[in-house]
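Trainee: Any chance you can model this:
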Amino acid sequence: MNWILIIVAGLFETGFAFCMGKARDASGTEAFLWWLGFAVCMTISVVLMFRSVTGPGALPVGTAYATWTGIGAIGGVLMGIFFFSEPATFWRLFFVFTLIASIVGLKFVSS
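Mentor: Numbers count the residues shown, from 1 in each chain. Predicted structure coming up:
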């Protein structure tokens, strides 16, 4: 269950990066709503991260944090490519895949 929590927390981290990117290009009420979405996603992300490292079956903090930030980083890069016209170069994608491999590796070596 804690692995599911950390994955969902990472997805919400990606969500707050998306909201931040959209808020940057908005103004007025629209910008306020994107910043509100940013705050909500960030809060949910941190709460889920906290829950995954406390209580029964808690994940090691280092593993959980690396997974959480890794999912956010991967999501941020992919979101940038698909929604914000950032380049999808070979090296960017190569390093995203090495990050994914590292996260999977951490799951297999964590007790």
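
Trainee: use CA for all of it now, contacts and neighbours both
Mentor: Fine.

Trainee: Surely Met79 touches Phe16?
Mentor: No: taking C-alpha atoms under 8 Å as the definition, Met79 is not a contact partner of Phe16, at 11.1 Å.

Trainee: Looking only at neighbour counts, state which of those two leads.
Mentor: Phe16 (26 against 18; other C-alpha atoms under 10 Å).

Trainee: Identify all contacting residues around whichever strand or helix holds the more buried one.
Mentor: Phe16 belongs to helix 2-24 when assigned by DSSP states H and E. For helix 2-24, contacts defined as C-alpha atoms under 8 Å, 6 or more residues apart in numbering pick out 30-35, 37-42, 44-49, 51-53, 57-59, 64, 67-73, 75-76, 79, 84.

Trainee: Can you select the buried ones among the residues you listed for me in PyMOL?
Mentor: Restricted to buried positions by 16 or more other C-alpha atoms under 10 Å, the PyMOL selection for those reads:
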select buried, resi 31+33+34+35+37+38+41+42+44+45+46+48+49+51+52+53+58+59+64+67+68+69+70+71+72+73+75+76+79
